[in-house]
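In: Predicted model follows, preceded by the sequence.
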Amino acid sequence: MNESFSLVGRRALVTGGSRGLGRAIAGGLIGAGASVAIVSRTASEVQSAATDLGAAAYPLAMDVAVAGQEATVIDQAENVLGGPLDIVVHAAGVQHRQPAEEFDPAEWERILRINLTAPFMLSREIGARQLRRGTQGSHIFIGSLTSLLSLPDVSAYTASKAGIHGVLRSLSTEWSGRGIRANGIAPGYFRTELTEAVFADTERYQKMLDRIPMGRFGKPEELAGTAVFLASDASSYTTGQLLVVDGGWTAA
């Protein structure tokens, strides 16, 4: 491996790391040499994922969306990893599909809290610690195609992911001159539990597939390389960017 892509000696926290895109990204970071604390609300799922990912994966059964718990999450991650965090990947996320004129206000609040507020507050605390120590850091946010464009029936999700794009740009502007980079990944269509409702719609499935120049949907492990790049010194001059990984969908 090119040394600039190595994460040997780095400590990472991956939220939503027990399944889907978060789990694939955690595996990629571990493959590059990092020690990774993976966080999920469900103890059995996060323990199973850590077992599968190997000795460099450390399970934490916690809810990162609980207000005021950010310091506790980070303290526990740093305890199991044996030192301060270098990397955070915000992969936890939820979805709710409903026409805008009928959208449930409680679902709006839930999605914004989990998808937007929680990542910002967690990065806020991690960044503050890194700034006090004078150490470098890489904060990686998981956006979406809806960070850049709109799709029907997902107004709250679109708002949250557009907000993520704004948050990572703002953090980059404030922190990059002090050694902390903030970037994001905008996945296209990957089959996970979050997107299963879309994939189950035969007509919509085919319409999406026809739009992708590569002629197929993404596999979660195909995000790992992008995450390793953004976490490593290979991207040392990359900050404030949202990298789209979509098989060419947005270019078509």
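Out: Arrived safely, thanks for sending. Numbers count the residues shown, from 1 in each chain.

In: longest single strand anywhere in this protein?
Out: Longest strand in the chain by number of residues, with DSSP state E as the criterion: strand 180-187.

In: Tell me which helix or strand comes right after that strand.
Out: Heading C-terminal from strand 180-187, the first helix or strand you meet, by DSSP states H and E, is helix 196-199.

In: what's that following helix in contact with?
Out: 95, 97, 189, 191, 204-205, 208 (C-beta atoms under 8 Å, 6 or more residues apart in numbering). For every residue, glycine as well, the C-beta is placed using N, CA and C.

In: which one of these is nearest Val8?
Out: Distances from Val8 to the contacts of helix 196-199, taken as C-beta to C-beta, are shortest for Arg191 (31.7 Å).

In: need the contact list for that closest one.
Out: Counting by C-beta under 8 Å, 6+ apart, Arg191 touches 199, 217.

In: how many other residues sit next to Ala197?
Out: When neighbours are counted by other C-beta atoms under 10 Å, Ala197 registers 12.

In: if we can go back for a sec, inside helices: which ones of the contacts of helix 196-199?
Out: Taking DSSP state H as the definition of helices, the contacts of helix 196-199 contribute 204-205, 208.

In: Quick one, grab the pLDDT at Phe199.
Out: We have a pLDDT of 77 for Phe199.

In: Next one: it from Gly247, what distance?
Out: Note on Phe199: its distance to Gly247, by C-beta to C-beta, to the nearest Å, is 15 Å.

In: More neighbours: which of the two?
Out: Neighbours per residue (other C-beta under 10 Å) separate Phe199 from Gly247, with Gly247 holding more: 21 against 16.

In: before we move on, what SS does the more buried one have?
Out: coil (DSSP: H, G, I helix; E, B strand; the rest coil).

In: returning to that earlier point: distance to Gly9 and pLDDT for the contacts of helix 196-199 - can I get that in JSON lines?
Out: Conversion of the contacts of helix 196-199 to JSON lines gives the following (distance: C-beta to C-beta, whole Å; pLDDT from 0 to 100):
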{"residue": "Gln95", "distance to Gly9": "36", "pLDDT": "93"}
{"residue": "Arg97", "distance to Gly9": "42", "pLDDT": "93"}
{"residue": "Tyr189", "distance to Gly9": "35", "pLDDT": "90"}
{"residue": "Arg191", "distance to Gly9": "34", "pLDDT": "80"}
{"residue": "Arg204", "distance to Gly9": "45", "pLDDT": "82"}
{"residue": "Tyr205", "distance to Gly9": "43", "pLDDT": "84"}
{"residue": "Met208", "distance to Gly9": "41", "pLDDT": "85"}
